[in-house]
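Peer 1: no sequence on hand, only this structure:
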């Protein structure tokens, strides 16, 4: 059984959130003015989402960098590869670590240029009929005439939209 964390007013016998855990022989800090609320979880239970947070944060950071790189290169964000971006960022991390902090702002535009260096080819226009192989109540059954469904013209998607 997973116990949900409960947020309670600050317990002065606990260290503030984000503080390193105190060794078992050392006393726990009692006057913590920086703690607004303490999260308590059953001691034997680790929240199931605790290992997913770093992955979600990394995913959001990669998507934000891809988006910024696409804006700088005047590309659609879908044209930048989801596979290429983590590789470029992984290769750039050691260089960011070796660079002096005052030179880091110069590396960010280069990272964004590297992310946008290999855009994906434009997506092809396609249309598929809304049918299924097995009959259901709301969707039509797939028939032989659905195999040769007419494809859209060779104009952009934006041109095919009619704004009212």
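Peer 2: Nice, thanks for sending it over. Owing to the predicted nature of the structure, the values given are computational and were not obtained by experimental measurement.

Peer 1: any low-confidence regions in the chain?
Peer 2: 1-47, 49, 129-139, 151-157, 159-164 (pLDDT under 70).

Peer 1: quick one, longest helix in it?
Peer 2: In the chain, assigned by DSSP state H, the helix with the most residues is helix 53-72.

Peer 1: can you list contacts of the helix or strand following that helix?
Peer 2: Tracing the chain past helix 53-72, the next element assigned as helix or strand by DSSP states H and E is helix 84-98. For helix 84-98, contacts defined as CB atoms under 8 Å, 6 or more residues apart in numbering pick out 62, 65-66, 104, 107, 111, 114-115, 118. C-beta here means a position set from N, CA and C on the backbone, and glycine is covered the same way.

Peer 1: now, among those, which is nearest to residue 128?
Peer 2: Minimum distance to residue 128 across the contacts of helix 84-98 is 27.3 Å, recorded for residue 66 (CB to CB).

Peer 1: domain map for this protein?
Peer 2: As given by automatic domain parsing, the domain ranges for the chain are 1-48, 53-115.

Peer 1: give me the number of residues near the residue lying closest to residue 150 once chain neighbours are set aside?
Peer 2: Closest residue in space to residue 150, ignoring its immediate chain neighbours: residue 127 at 7.4 Å, by CB to CB, 6 or more residues apart in numbering. Neighbour count for residue 127, taken as other CB atoms under 10 Å: 9.

Peer 1: residue 127 reaches residue 149, doesn't it?
Peer 2: Yes. Look at residue 127 against residue 149 with CB atoms under 8 Å: they come within range, at 6.4 Å.

Peer 1: any common contacting residues for the two?
Peer 2: With CB under 8 Å, 6+ apart as the test, residue 127 and residue 149 reach no residue in common.

Peer 1: the helices in the protein, which residues?
Peer 2: Using DSSP H, helices in the chain cover 53-72, 84-98, 104-115, 157-160.

Peer 1: brilliant, that's me finished.
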